[in-house]
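Peer 1: The following block contains a protein sequence and its predicted model.
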Amino acid sequence: MFYQNLIRELLASGGRIGAYDPRHVEAFMRLYYGTLDSFSRSEFASKVTEAVHMIDQTGLVESEELAVSFGL
């Protein structure tokens, strides 16, 4: 839940509040990075942006399936 709150905050600060499910963003981040603890705040924000682009390319159905597969 910590990561989802941070993701929500970063999305809001970027003007994308409510546009993306933080669970989906976290799932894509976890797919590509084993741990999320090692990122600085600016690196984490960059990874959020990358995940948003992946969601745009993949779609909501697949993004939800990915989130569920990670137990999110």
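Peer 2: Nice, I can see it. Numbering: from 1, shown residues only.

Peer 1: Quick check on residue 62: phi, psi?
Peer 2: phi -70, psi -40 (degrees, to the nearest 10).

Peer 1: Of all the residues in the top helix by length along the chain, which ones are buried?
Peer 2: When the chain is parsed with DSSP state H, its longest helix is helix 41-58. When neighbours are counted by 16 or more other C-beta atoms under 10 Å, the buried residues of helix 41-58 are found to be 44-45, 47-48, 51-52, 54-55. Every C-beta, even on glycine, is put in place using the N, C-alpha and C of the backbone.

Peer 1: Same check on stretch 13-20?
Peer 2: In terms of neighbour count (16+ other C-beta under 10 Å), stretch 13-20 has its buried residues at residue 20.

Peer 1: mean confidence for that stretch?
Peer 2: The average pLDDT for stretch 13-20 rounds to 87.

Peer 1: quick one: contacts of it?
Peer 2: The contact list for stretch 13-20 (C-beta atoms under 8 Å, 6 or more residues apart in numbering) reads 8, 11, 49, 52, 55.
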